[in-house]
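[1] here is a sequence together with a model predicted from it:
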Amino acid sequence: MRKLAAVCIERPVFATMIVLALVVIGAASFFRLGIDRFPAVDLPTVMVRTNLPGASVEEMETQVSEILEEAVNQVEGITELRSISGPGQSLVVVTFDLDRDIDTAAQDVRDRVASVIRRLPDDVEPPIIQKQNSEQSATMAVALSGNLSIRELTEIADKTVKVVLERSTGVGEVQIVGGLERAVNIWIEADRLAAYRLPIAEVRTALRQQNADVPGGNVTSDITERSLRTMGRFTEAAQFNDLVIATRNGQPIRVRDIGRAEDGTKEQRSLARLNGVPAVVLEIRRQSGANTVEVVEAAKANLDRLRSQLPPGVTMEVVRDSSTHIYASLHEINVHLVLGSILACLVVFAFMRDWRATIIAAVAIPASVVSTFGLMAALDFTLNTVTMLALVLMVGIVIDDAIVVLENIFRFIEEKGMNPFDAAREATAEIALPVLATTLCLVVIFIPVSFMSSISGRFLYQFGLTAACAILVSLLVSFTLTPMMSARMFGGRRMDQHDGHGHGESASRRGFYHRLDLAYAWVLGLALRRRAVVAAVAVAVIAANVLLYRVVRQEFIPSGVDEAQFEMQVVAPEGASPAAMNDAMAAIEKDVRSVRGVQLVLATVAGGPLGAVNEGQLFVQIAPHEDRIFSLTRLVKGIVTLDPLEAFRNNYAQRDVMQQVRAKMRAYKELRVAVRNLQTFNIGGGNWDLDFIIRGPELEALARYTDALRQQAPELGLQDADTTLKLNKPELRVQIDRARAPTSASAPRTSPPPCG
């Protein structure tokens with residue numbers, strides 16, 4: 001470092017180009033960095049989702065979930081294996097060791113699932129195996145509403161909007177909630193079906209076989225070859241009425257003989273409303289590893305081009321947008337980064353009282369911060385809360401090396417009366433080893449943070465490397481630009497404060513700073529004379545840290561952040577119909593919208609991962625933070641016209657709105673309502689703070705224990721507690737009389753009744 005400093009003092013262009021090259025690379029990389037809220041963290045979790053329409057929970061548990069668990073359990077490195085079974089759906093969650101490569105683990109799970117597909121029921125849909133990314137919640141939600149019917153809105157959403165959104169960069173899935181899909185319904189009259197002695201399975205088989213285009217191979221002649229295809233698919237609903245189901249006594253039995261075909265819709269299993277108006281919602285989820293802001297921006301750009309294609313009276317509104325809070329948080333961090341840099345420079349100026357020294361020290365801040373962007377781009381980092389906080393923290397550290405070198409040069413010039421070039425050379429050589437040791441100590445503190453073995457290590461990986469890079473660049477600046485600039489910018493300093501031999505009293509030793517030196521010398525002398533007392537105080541402070549550590553609340557990510565939006569989970573008793581759930585959600589919406597500050601309520605039914613019709617979700621958006629919190633800025637602008645004290649008392653935070661909503665929800669005794677902040681980072685499980693797993697051999701006993709625990713939750717300090725095990729869903733069971741069934745099946749068939 002001494003030789004490098006000496007070369008840079010003599011070769012200013014060389015010193016400038018070393019740092020300038022890093023700055024140019026960093027500046028160019030800054031505009032290519034992605035923007036996100038948190039670092040992209042691939043947690044070692046794989047989910048296997050399987051659907052079997054019409055199956056009960058018990059069938060899904062025994063015929064699907066258990067078979068998949070048995071197969072997946074053989075994969076190496078599993079730390080936890082859990083399954084969630086619902087009506088017609090199974091979800092198997094596989095958690096691996098943190099050291100396990102997530103891509104390899106996902107492929108191993110796919111191989112094991114493929115080996116047992118033949119053991120699953122015949123009508124089961126192919127299992128979907130996917131990695132769990134750090135944000136499973138919807139990145140963006142778009143609501144379609146207007147003067148058209150839900151069926152027409154669904155057609156627009158499915159055939160137009162969804163297609164455009166799926167083509168957007170980074171979009172992994174677009175799910176429609178509240179839609180009503182078109183379908184051809186075959187309505188069968190049970191008495192006619194019984195009169196013809198036709199089983200319903202025969203009708204189903206006929207519809208499947210005759211409504212299909214069948215490939216027939218190739219027709220080859222001497223000079224041509226053509227493909228052959230039998231066109232059997234119906235194009236209109238009325239054509240189904242002429243489809244022949246079976247033949248009895250030489251007479252064909254058609255669909256119109258036992259019922260009718262209708263161009264209608266599928267059974268509506270999900271609902272959506274925006275501020276009480278029926279709507280169709282498209283929830284957009286990003287691909288694993290995709291950048292949130294890039295996904296949202298690409299989707300918005302496509303939506304803007306799509307608005308002109310919508311029919312008159314149809315509105316398309318972006319209800320949920322994750323990029324809004326990302327931009328807001330990064331803007332605040334950038335402001336603090338700039339303000340911190342300015343304040344650091346002012347502190348240097350206050351103590352050194354020389355504008356040239358302030359400029360020399362201040363160069364280290366932008367040079368170190370901007371150069372760090374180059375490393376971030378090389379390592380595929382993003383501009384997120386973690387990396388930007390690392391840079392904000394480094395503002396006070398990257399200037400330290402430059403200040404130490406600069407102050408030593410400053411002292412050599414003022415106290416020893418040396419030539420600026422000689423002072424820069426000698427002072428830098430004298431302080432080189434301590435500066436190098438101090439900087440490397442900081443580096444070895446931050447770099448190990450990136451290699452912690454826990455989930456925190458994955459989360460803080462970018463933090464440690466970003467901080468270490470900024471510190472190393474500051475070390476380079478302190479041995480290149482700092483001595484070079486000091487040698488040239490201090491050349492005009494007056495030497496009349498010295499006696500010619502460097503023994504004069506400098507200006508920095510007079511006045512306030514002289515008294516500060518005397519006070520420090522007195523405290524230092526007192527500490528040296530009372531070494532035992534100082535050591536005892538130090539030990540007491542260290543011991544107090546242990547006690548204080550236990551008092552301070554601990555959490556992975558700060559909770560209770562006021563983002564002006566939150567969500568609600570509503571669970572009705574098992575067996576509740578979609579119509580009953582719709583009425584309950586409408587009443588809840590009305591109560592929520594009556595709370596002060598609520599501006600938007602998006603309610604959905606059966607929009608969860610298992611699509612249960614007795615579950616609903618509400619996304620609530622309240623007034624922006626600046627419209628709810630009293631500030632001097634609002635008072636100066638005249639936005640707040642009330643008395644300042646009265647305006648301050650009228651403040652209300654997001655938690656106040658959530659508490660008012662909880663109070664209103666107590667009126668719904670039969671419903672389980674949970675009011676939570678939006679999940680900002682998913683580390684497994686779901687959007688809750690505590691997840692208890694109670695295991696035992698009998699499901700009925702577990703259901704009783706967990707329900708008793710849920711009822712005692714308020715006494716235990718738990719809020720919005722719920723259970724996943726629900727065994728009280730009503731069902732109808734058909735018992736087959738096996739002695740009479742063969743007789744009925746072989747009974748002689750009568751002539752068909754006349755058709756009117």
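    Alright, I've got the coordinates.

[2] and for Asp257, the neighbour number?
    Asp257 has 21 neighbours, counted by other Cβ atoms under 10 Å. From N, CA and C alone the C-beta is placed, and that goes for glycine too.

[3] can I take it that it is in a helix?
    Yes: assessed with DSSP: H, G, I helix; E, B strand; the rest coil, Asp257 lies in a helix.

[4] go ahead and confirm it touches Tyr196.
    Yes: with contact defined as Cβ atoms under 8 Å, Asp257 and Tyr196 form a contacting pair (7.4 Å).

[5] distance of Cys411 from Ala427?
    No, residue 411 isn't Cys; it's Arg. Distance, Arg411 to Ala427, by Cβ to Cβ, to the nearest Å: 7 Å.

[6] pick out whichever of these two has more residues nearby.
    It is Ala427, of Arg411 and Ala427, that has more neighbours when counted by other Cβ under 10 Å, with 25 against 15.

[7] and that one, what helix or strand is that in?
    helix 420-446 (DSSP states H and E).

[8] tell me which strands and helices that helix is in contact with?
    On a contact count with 3 or more Cβ pairs under 8 Å, 6 or more residues apart in numbering; DSSP states H and E, helix 420-446 meets helix 2-10, helix 385-416, helix 461-479, helix 481-489.

[9] show me which positions of that helix end up buried.
    For helix 420-446, the neighbour count (16 or more other Cβ atoms under 10 Å) marks 420-421, 423-429, 431-432, 435-436, 438-439, 442-443, 446 as buried.

[10] just stretch 555-574 next, same as before
    In terms of neighbour count (16+ other Cβ under 10 Å), stretch 555-574 has its buried residues at 562-572.

[11] repeat for stretch 589-607
    Buried positions in stretch 589-607, judged by neighbour count with 16+ other Cβ under 10 Å: 589, 591-592, 595, 597-598, 600-607.

[12] any chance of the helices and strands packed on helix 420-446 in a markdown table, plus distance to Pro127 and mean pLDDT?
    Shown next, in a markdown table, are those (distance: least, Cβ to Cβ, whole Å; pLDDT from 0 to 100):
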| stretch | distance to Pro127 | mean pLDDT |
| --- | --- | --- |
| helix 2-10 | 61 | 78 |
| helix 385-416 | 35 | 82 |
| helix 461-479 | 32 | 89 |
| helix 481-489 | 60 | 83 |
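
[13] turn those into a markdown table, columns for distance to Ala721.
    Shown next, in a markdown table, are those (distance: least, Cβ to Cβ, whole Å):
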| stretch | distance to Ala721 |
| --- | --- |
| helix 2-10 | 63 |
| helix 385-416 | 30 |
| helix 461-479 | 34 |
| helix 481-489 | 59 |
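
[14] for stretch 194-203, buried residues please.
    Across stretch 194-203, burial judged by 16+ other Cβ under 10 Å covers 196-198, 203.

[15] just stretch 382-398 next, same as before
    So stretch 382-398, judged by 16+ other Cβ under 10 Å, has buried residues 382-395, 397-398.

[16] so which bits of stretch 144-151 are buried?
    Buried residues in stretch 144-151, defined by neighbour count with 16+ other Cβ under 10 Å: 144-146, 148, 150-151.

[17] now the two most distant members of these.
    Using Cβ to Cβ, the buried residues of stretch 144-151 span at most 13.8 Å, a distance reached by Ser145 and Arg151.

[18] what are the structural domain limits within the protein?
    2-37+326-494, 45-131, 182-212+234-265+726-756, 511-554, 565-691 (automatic domain parsing).

[19] ok, Val347 to Ala367 distance?
    18 Å.

[20] likewise Ala238?
    For Ala238, the distance to Ala367 - Cβ to Cβ - is 77 Å.

[21] likewise for Gln621?
    As judged by Cβ to Cβ, Gln621 and Ala367 stand 42 Å apart.

[22] those two: which has the busier surroundings?
    Applying other Cβ under 10 Å to Gln621 and Ala367 shows that Ala367 carries more neighbours, namely 24 against 17.

[23] now name the helix or strand holding the more buried one.
    With DSSP H and E as criterion, Ala367 is part of helix 364-378.

[24] can you pull the buried residues of that helix?
    By neighbour count on 16+ other Cβ under 10 Å, the buried set for helix 364-378 is 364-365, 367-377.

[25] and which of those residues is nearest Leu718?
    When the buried residues of helix 364-378 are compared against Leu718 (criterion: Cβ to Cβ), the nearest one is Met376, at 41.0 Å.

[26] that closest one contacts Ile25, correct?
    No: taking contacts as Cβ under 8 Å, Met376 lies outside contact range of Ile25: 11.0 Å.

[27] what about Glu70, neighbour count?
    Counted by other Cβ under 10 Å, the residues lying close to Glu70 total 12.

[28] what's in contact with stretch 444-460?
    38-39, 41, 43, 98-99, 386, 461-465, 467-468, 471, 556, 681, 683 (Cβ atoms under 8 Å, 6 or more residues apart in numbering).

[29] need the nearest residue in space to Glu731, chain neighbours excluded.
    Ranked by Cβ to Cβ, 6 or more residues apart in numbering and with sequence neighbours excluded, the top spatial neighbour of Glu731 is Ser56, at 6.6 Å.

[30] wait, Ala261
    Here the nearest residue to Ala261 in space, its sequence neighbours aside, is Phe240; by Cβ to Cβ, 6+ apart that works out to 3.6 Å.

[31] need the phi and psi values for that neighbour.
    phi -70, psi -20 (degrees, to the nearest 10).

[32] gap between it and Ala190?
    Distance from Phe240 to Ala190, by Cβ to Cβ: 19 Å.

[33] mean neighbour count, the domains of the chain: which tops it?
    domain 2-37+326-494 (a mean of 19; mean count of other Cβ atoms under 10 Å).

[34] how distant is that one from the center of its chain?
    33 Å (Cα atoms, centre = their mean, to the nearest Å).

[35] helix or strand next in line after the helix holding Ala427, which one?
    Criterion used, DSSP H and E; the element after helix 420-446 is helix 455-459.

[36] mean confidence for that next one?
    Over the span of helix 455-459, the pLDDT mean works out to 76.

[37] export that helix as PDB, just CAs?
    Output of helix 455-459 as PDB, limited to C-alpha atoms (Å, rounded to 0.1, in the frame of the first residue of the first chain):
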ATOM      1  CA  ILE A 455     -32.200 -19.000   6.500                       C
ATOM      2  CA  SER A 456     -30.900 -15.600   7.800                       C
ATOM      3  CA  GLY A 457     -27.600 -16.400   6.000                       C
ATOM      4  CA  ARG A 458     -29.500 -16.800   2.700                       C
ATOM      5  CA  PHE A 459     -31.400 -13.600   3.300                       C
END
